[in-house]
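A.B. asks: Predicted coordinates and the sequence they were generated for:
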Amino acid sequence: MSLQDELTAVQHCLDDLVRTVGRLERSLAQLRAADTGPQPPGPAAGTDPVDGVITITEAPYDASLWTDSDDEGLGVRGRHAP
């Protein structure tokens, strides 16, 4: 292959690349335009629980959860510090 043929092949590849990037940019712009539009509300908007959110009740904690726990800097509950 001569140098001129190689340069022509490279130019064709670059032209294809430019066309492909242009198509991708247009597709991305269409996707972004579709995503920014108003979203229809669900059947009970604002009342659906969010994944990963844990509701904490107002009930007092179970005291058995804290047995054998250390108070930071004070040691185990019910024992005197040395």
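C.D. replies: Here it is on my side, so go on.

A.B. asks: L31 and E25, how far apart?
C.D. replies: As judged by C-beta to C-beta, to the nearest Å, L31 and E25 stand 11 Å apart. Yep, even glycine has a C-beta here, placed from its N, CA and C like the rest.

A.B. asks: mind listing the strands for this structure?
C.D. replies: 70-71, 75-76 (DSSP state E).

A.B. asks: Got phi/psi on E58?
C.D. replies: With angles defined as degrees, to the nearest 10, E58 sits at phi -90, psi 0.

A.B. asks: repeat for I54
C.D. replies: phi -110, psi 130.

A.B. asks: Tell me how many other residues crowd it.
C.D. replies: Look at I54: counted by other C-beta atoms under 10 Å, it has 5 neighbours.

A.B. asks: can you tell me how far it sits from V10?
C.D. replies: Taken as C-beta to C-beta, the span from I54 to V10 is 59 Å.

A.B. asks: try V21
C.D. replies: Here V21 is placed at a distance of 16 Å from V10 (C-beta to C-beta).

A.B. asks: Same question for L65.
C.D. replies: L65 is 70 Å from V10, by C-beta to C-beta.

A.B. asks: The two: who's more crowded?
C.D. replies: Higher neighbour count among L65 and V10: V10, with 10 against 7, using other C-beta under 10 Å.

A.B. asks: per-residue pLDDT, the more buried one?
C.D. replies: We note a pLDDT of 95 for V10 in this prediction.
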